[in-house]
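**Student:** kindly return the folded structure for what I paste below:
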Amino acid sequence: VPYGDCLCGRVAESGELLMSESCFTDTRHERRYGGMQAHGHYIVPLKTKGDALLGVMFLYTNTHPSWYQHSQEVLLSIGGLVADAIKHSLVKEELARYRNQLEELVAERTGDLNQANILLRKEVEERASAEHQLKIIREQLRNLSNHLQNIREEEKTRIAREVHDELGQSLTALKMDLVCLKQELPGLQPDLQERIQTMSGLIDSTITSVQRISSELRPQILDVMGLCEAISWQAREYQKRTTLRFDLNCEQVSINKELTTELFRIFQEALTNVVRHSRADRVCVSLHQNAEQITLEIGDNGQGMPPEKINAPQSLGLIGIRERVLFFGGEVEFQGEPGKGTRVIVKTPLKP
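**Tutor:** Sure, this is the predicted structure:
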């Protein structure tokens, strides 16, 4: 029914209560149908508390219905209650629709999240497996590197011993033979005397070279006197060949041969870096042992090492030091600051 048409259209348009005494006599009752009997109307607007019109309510009565004093207020109140109930039902339906949509959305998102979690869990497991395999490979490479280091040290010791004992003894015997020859043939010509003297000097020089090479391969003092004395000997050798001066604060430590060798090689590598890169003139070395660990510290007063070079792939000397320390379960710290020198701090646990 269009707004303004017939009784209900008029109520819908005006929002006011309307009463009709008879459908046949009321000219506003414009719509009729066959077999319609005489009746009256109460047509009540269904308005919410906010005056929103939701519809109209027909109340059929006999013709010429009676109006009571408060009929209008009661009917409007009933219409308001019905309108509020309808609104509540509509809101409830809308909320149910939103809830269903939200549940569907949540279910969809939950499915997506579950799938993402499955993929993420798989990726985490694969990454953990890869990291575990990488850790095993690193450990194997570290063990292999240490094994090669041990073989190299053993070979150096063997070669040093053979050079020192066999070649050194042969040169000493040759020197003694020359001395005897010179004494037994006092009447030799001056040029022969000079050649014998030259040969004797060459033998002395060769003996010195043999001793130096033997010491560089494997200092005997390391095996005989221990790490502290070997560090002191190496420092004296550097002072002879360079402008470096050393401040040594080393104490005798009780450790196995392998760790002794590794710490001494770390000390040598650190000195090599000082000579090549630091432009220092003074090196401080300390070696201490407590109940749990041994600490070796080498510091210089040079130009310092930039922090970005500490973990650079090109810093092979630092990588070598780090790998030597890690094999024994220790830790190494490189401290460098431009203009303030460099410090290498090595800490290795004491193995039972």
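**Student:** residues contacting the closest residue to S232 other than its chain neighbours?
**Tutor:** For S232, ignoring the flanking residues on the chain, the nearest one in space by CB to CB, 6 or more residues apart in numbering is L248 at 6.0 Å. (Glycine included, C-beta is placed from N, CA and C.) When contacts are counted by CB atoms under 8 Å, 6 or more residues apart in numbering, L248 touches 231-232, 235, 285-286.
**Student:** shaky segments in the stretch 1-150 of the chain?
**Tutor:** 1, 67-70, 146-147, 149 (pLDDT under 70).
**Student:** ranges for the strands of it?
**Tutor:** For the stretch 1-150 of the chain, the strands defined by DSSP state E, counting those that start in this stretch cover 18-20, 40-47, 53-61.
**Student:** partner strands of the first one, with direction?
**Tutor:** Going back to what we said before, that points to strand 18-20. strand 40-47 (antiparallel) (DSSP bridges).
**Student:** can you list the buried residues in the strand it pairs with?
**Tutor:** Buried residues in strand 40-47, defined by neighbour count with 16 or more other CB atoms under 10 Å: 40-47.
**Student:** repeat that for stretch 284-297.
**Tutor:** 285-287, 289, 294, 296-297.
**Student:** which members of the residues you listed define the maximum pairwise distance?
**Tutor:** Across the buried residues of stretch 284-297, no pair lies farther apart than V285 and Q289, at 14.5 Å, counting by CB to CB.
**Student:** can you show me the helices along the stretch 201-350 of the chain?
**Tutor:** 220-224, 227-241, 257-273, 316-327 (DSSP state H, counting those that start in this stretch).
**Student:** helices and strands around the longest helix seen in the chain, which ones?
**Tutor:** Looking across the chain with DSSP state H, the single longest helix is helix 71-162. With contacts taken as 3 or more CB pairs under 8 Å, 6 or more residues apart in numbering; DSSP states H and E, helix 71-162 sits against strand 40-47, strand 53-61, helix 190-217, helix 257-273, helix 316-327.
**Student:** quick check: angle from the last one to helix 71-162?
**Tutor:** Think helix 316-327. Orientation check (axes from the mean of the first three to the mean of the last three CA atoms, to 10 degrees): helix 316-327 against helix 71-162 gives 100 degrees.
**Student:** how far off helix 257-273 does helix 316-327 point, in degrees?
**Tutor:** 160 degrees.
**Student:** report the buried residues of helix 316-327.
**Tutor:** Neighbour-count burial for helix 316-327 [16+ other CB under 10 Å]: 318, 321-327.
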